[in-house]
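Undergrad: Predicted model follows, preceded by the sequence.
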Amino acid sequence: MSHTFRRAAVALAVLALASGCAGEPAVQPPSAPLSTVPPTELGDQVAKLRTSGDFVHDDTAVYMTKNESGLVALAIASGEQRWSVRFPDDGKPQDRSRPVLVTANGRPLVVQSYSASKPNRGTVAGYGYAGILAVDTGTGEVAWNTEFLKGERPSVELVGRGSTLAASWWVKGSESSAYSIADRTAAGVDVTTGAEKWRRDKFSPRAVDGDVVAGFATGQAKPMALDATTGSPLWTIDKWLFNDKLTGAVPGRFLLVGLGLAQVLDSRTGKVLLDLPKDSYSDAVDAGDDVLLLHSAGSHMAGFDAKSLAKLWELPESGTGRVAPDGVGAAWRGTVYGRVSSQQIALEARSGKEKPVTLSCMPTVLVPGYALCGSSDLVVHTFEK
C-alpha cells in the first residue's frame, strides 16, 4: 500500500471517528447550564413578548390568552410561539379571568375559563355555557375540557396552585335578571378531569395554599377558608372587612388586608400570627431564603422570617434616610428587585442591604438565565451573574 493511500485512509478513519458511526449523528457538547444566581447586571436583549395583559409563567414559557388564538405559549428564550389551542365552539376568554398553573399527577397544566355557545342542531336547541380548558404546558395537548356551567355564561374566575383548583362566579338574584355583585358561588375542580368536586354558595375564593382555599363569605365580607378536597369549612373570622384582600404568601401563611387592617394568618387555622400596623402593607411575596416580603409600593417594605415571623428589616429606615422602593419588581432566590425614582436597585432579602447592581431595567420576572422587564410588553434579557 502506498504512503499516499495510507495517509488518506488514516484521515478518513479520523474523520469517521469525529463524526460518529455511519448513520448516527455526531455527539453534541452539552450546553452550559443557565444561571440561577440573582443577576447584578443584564446581558443582551434576546426577545420581546407581547402579552394580552394577565399571564402566568414557568421557567421556560409565558402562558396567556388571545381572542383570536385561544391559549398561547411563548418561549421565554426566543419569544417564539410554542403552541396555541383554540377554545371549543369559537369560545372567547372571559372578562376578569386569567390563566392559572396547576399540576395533575405530576403533569403541569395551564387552565383557563372561557365563554362559548353550542349552535342549534336540527330540533335540538343550542345553548350558551361557561367552559374551562386545561392544556399540557409542554406539548400543547388538551388534557381536558368541560362545559362547566351550561345554559348560562357568567364570568368564571379561577384560583389554583399545585393540585388545587377552584372556580367562582356571580349568581343571579331570585327576582332579578342581573348578576348580583354581593353573591358568588364557588366550586372545587378536579385538576385531573375537570369534574366539579363540591359547590358552595356565597363564597369568593381568593388564594390557595396546599389543600386550603381561602376567601370571603360574600354578602358579609368575612374571611373564611374551605378544605380544597371536600369544600368543608375550616375556619371563619367573625369580622366584616372593607376593601378586602387575601393573598397567598409563603407556605402556611396568608396576608389579610382590609380598611385599617393588615394581618398574617395561619392558612390552616385562620389564627392571627402577626398583627401589622394598619394600612402598612398590601402585598406579600415569597422572596426565597425563608423570607416573607411584605410591601406597599412607595410606602413600606419589610422582610420577615418565614417561619418565626420575626421582623428582619424594614424600609423606610429611621436615622439613615433610606426609603421604600416606589417600584417593586421580582423577588427571586433571596434578592428583591425594585426602583427608587428612576434608579434600579436590588436588596438582600434577609438583611435588606443594597446589592451593587448595574441593571438596564427592573426585572419583573426572573427564571434561570433570563430576566423579563415590563408588565404587558415583556423585554427579555439574558444574564450570567
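TA: Okay, I see it. Keep in mind it's a predicted model, so treat the numbers as computed, not measured. Numbers count the residues shown, from 1 in each chain.
Undergrad: pLDDT at the one residue sitting closest to the centre of the chain, what is it?
TA: Nearest residue to the geometric centre of the chain (C-alpha atoms, centre = their mean): V56, 4.5 Å. We have a pLDDT of 96 for V56.
Undergrad: and if you look at L259?
TA: L259 is assigned a predicted lDDT (pLDDT) of 82.
Undergrad: just to revisit the earlier point, contacts only, for the residue nearest to the centre of the chain.
TA: V62, Y63, M64, R98, P99, V100, L101, V110 (C-beta atoms under 8 Å, 6 or more residues apart in numbering). C-betas here are computed from N, CA, C, even on glycine.
Undergrad: Can you tell me which of those has the largest number of neighbours?
TA: Compared across the contacts of V56, V110 has the highest neighbour count, 27 neighbours, by other C-beta atoms under 10 Å.
Undergrad: Helices along the protein, start to end?
TA: Applying DSSP state H to the chain gives helices spanning 3-19.
Undergrad: Spatially, which residue comes closest to L149, not counting chain neighbours?
TA: Distance criterion C-beta to C-beta, 6 or more residues apart in numbering; nearest residue to L149, sequence neighbours excluded, is A130 at 4.2 Å.
Undergrad: Any stretches of the stretch 201-350 of the chain with poor pLDDT?
TA: By pLDDT under 70, the low-scoring segments of the stretch 201-350 of the chain are 243.
Undergrad: for V213, which residues make a bridge with it?
TA: Bridge pairing for V213 (DSSP bridges) gives the partners V208, L226.
Undergrad: State the distance from it to S308.
TA: Counting by C-beta to C-beta, to the nearest Å, the gap from V213 to S308 is 26 Å.
Undergrad: Just want to know which of the two has more residues nearby.
TA: Taking neighbours as other C-beta under 10 Å, V213 and S308 compare with V213 leading, 30 against 10.
Undergrad: Now stretch 375-385: buried residues?
TA: Residues L378, V379, V380, H381, T382, F383 are the ones in stretch 375-385 that count as buried (16 or more other C-beta atoms under 10 Å).
Undergrad: List the contacts of the second one.
TA: The one in question is V379. Contacts of V379 by C-beta under 8 Å, 6+ apart are Q45, A47, K48, C361, L372, C373.
Undergrad: Mind checking which of the residues you listed land in strands?
TA: Under the assignment DSSP state E, those contribute Q45, A47, K48, L372, C373 to strands.
Undergrad: surely the first one meets L378?
TA: No: under the criterion of C-beta atoms under 8 Å, Q45 makes no contact with L378, lying 10.8 Å away.
Undergrad: if you go through the stretch 1-150 of the chain in chain order, where are the strands?
TA: 45-50, 56-57, 61-66, 70-75, 81-85, 92-93, 100-104, 107-118, 127-136, 142-150 (DSSP state E, counting those that start in this stretch).
Undergrad: For those strands, which has the smallest mean pLDDT value?
TA: strand 92-93 (a mean of 90).
Undergrad: Show me what it is packed up against.
TA: Applying 3 or more C-beta pairs under 8 Å, 6 or more residues apart in numbering; DSSP states H and E, we find strand 92-93 packed against strand 107-118.
Undergrad: Okay, angle between the strand it packs on and strand 70-75 too, please.
TA: 150 degrees (axes from the mean of the first three to the mean of the last three C-alpha atoms, to 10 degrees).
Undergrad: Direction included, what does strand 107-118 pair against?
TA: Per DSSP bridges, strand 107-118 is paired in its sheet with strand 92-93 (antiparallel), strand 100-104 (antiparallel), strand 127-136 (antiparallel).
Undergrad: Can I get that strand in PDB? Just the C-alpha atoms.
TA: Output of strand 107-118 as PDB, limited to C-alpha atoms (Å, rounded to 0.1, in the frame of the first residue of the first chain):
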ATOM      1  CA  ARG A 107     -48.300  16.800  34.700                       C
ATOM      2  CA  PRO A 108     -48.100  20.600  34.500                       C
ATOM      3  CA  LEU A 109     -51.200  22.200  33.100                       C
ATOM      4  CA  VAL A 110     -52.300  25.800  32.300                       C
ATOM      5  CA  VAL A 111     -56.000  26.300  32.900                       C
ATOM      6  CA  GLN A 112     -58.300  29.000  31.500                       C
ATOM      7  CA  SER A 113     -62.100  29.700  31.600                       C
ATOM      8  CA  TYR A 114     -64.000  30.900  28.500                       C
ATOM      9  CA  SER A 115     -67.500  31.600  27.200                       C
ATOM     10  CA  ALA A 116     -69.000  29.800  24.200                       C
ATOM     11  CA  SER A 117     -72.300  28.700  22.600                       C
ATOM     12  CA  LYS A 118     -73.500  25.500  21.100                       C
END
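Undergrad: and T164, how many neighbours does it have?
TA: Neighbour tally, T164, other C-beta under 10 Å: 22.
Undergrad: and it, bridged to which residues?
TA: Here T164, judged by DSSP bridges, has bridge partners R161.
Undergrad: and if you look at the one 5 residues further on?
TA: With DSSP bridges as the criterion, W169 is bridged to T185.
Undergrad: isn't it right next to L149, touching?
TA: Yes: in this structure W169 lies within contact range of L149 using C-beta under 8 Å: 6.9 Å.
Undergrad: list the residues that contact both of these two?
TA: A130, V156.
Undergrad: Spit out the contact partners of G43.
TA: Applying C-beta under 8 Å, 6+ apart to G43 gives the contacts H381, T382, F383, E384.
Undergrad: follow-up on the earlier one: got the buried residues of stretch 375-385 as a markdown table, with pLDDT and distance to V208 columns?
TA: Rendered in a markdown table, the data for the buried residues of stretch 375-385 read as follows (pLDDT from 0 to 100; distance: C-beta to C-beta, whole Å):
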| residue | pLDDT | distance to V208 |
| --- | --- | --- |
| L378 | 95 | 25 |
| V379 | 97 | 30 |
| V380 | 98 | 28 |
| H381 | 97 | 31 |
| T382 | 97 | 33 |
| F383 | 96 | 31 |
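Undergrad: if I look at the residue nearest to K245 when sequence neighbours are not counted, how far off is G162?
TA: The spatially closest residue to K245, leaving aside those adjacent along the chain, is V257, at 4.2 Å (C-beta to C-beta, 6+ apart). Distance, V257 to G162, by C-beta to C-beta: 23 Å.
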